[in-house]
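Provided below are the primary sequence and the corresponding predicted coordinates.
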Amino acid sequence: MGKSKTALAALLLVGSFLFGVSGAAAETILYRAQFGDANYCHLKFPAIEESTLFTNQPVLKDSGTSDIIDFYGSCDHDPVGMAEVARQTYDYHRAQFGGDS
């Protein structure tokens, strides 16, 4: 199995375990700007602690960290929700295994 297929399999596995993760991290958003009346925002929030990335209770890094996620998208994006965990898991695997080949 290639690296990209392994990363995709990991994303699907993490997603299946984290389906019920709550949006408790909403108060940790460091910056939020909504564009007009649309549900489109610019958000900044700490990355998820690597030690909790593969658990069913992901935790954000301290707000003083330099590891900040700069997100553009839905205003109701959850920093520890399934989509964000999957994205950061993918980024983690790319960093560990060297890209998409």
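Received it, and whenever you're ready, just let me know what you need.

Find the residue at the geometric middle of the protein.
Note on the chain: the residue nearest the mean C-alpha position is E84, at 2.5 Å, using Cα atoms, centre = their mean.

Could you find the closest non-adjacent residue to that residue?
With sequence-adjacent residues excluded and distances taken as Cβ to Cβ, 6 or more residues apart in numbering, E84 is closest to D78, at 6.4 Å. C-beta coordinates here come from the backbone N, C-alpha and C atoms, glycine included.

so that neighbour is in which element?
Under the criterion DSSP states H and E, no helix or strand holds D78.

how close does it sit to Q96?
For D78, the distance to Q96 (Cβ to Cβ, to the nearest Å) stands at 24 Å.

Please say which of these two ends up with more neighbours.
Set side by side, D78 and Q96 show more neighbours around D78, with 18 against 9, by other Cβ atoms under 10 Å.

pLDDT score assigned to the more buried one?
Note on D78: pLDDT of 97.

same question, Y31
Y31 carries a pLDDT value of 97.

repeat for G98
On the pLDDT scale, G98 gets 81.

That one: neighbour count?
Applying other Cβ under 10 Å, I find that G98 has 9 neighbouring residues.

wouldn't K61 be in contact with A47 here?
Yes: K61 sits in contact with A47 when judged by Cβ atoms under 8 Å, with a separation of 5.6 Å.

Look up how far G64 lies from A83.
Distance from A83 to G64, by Cβ to Cβ: 25 Å.

neighbour count winner among those two?
Between A83 and G64, A83 has the larger neighbour count (other Cβ under 10 Å), namely 13 against 7.

What segments of this protein are strands?
For the chain, the strands defined by DSSP state E occupy 31-34, 40-46, 68-74.

The first one pairs with which strands, parallel or anti?
What it means is strand 31-34. Here strand 31-34 is paired, per DSSP bridges, with strand 40-46 (antiparallel).
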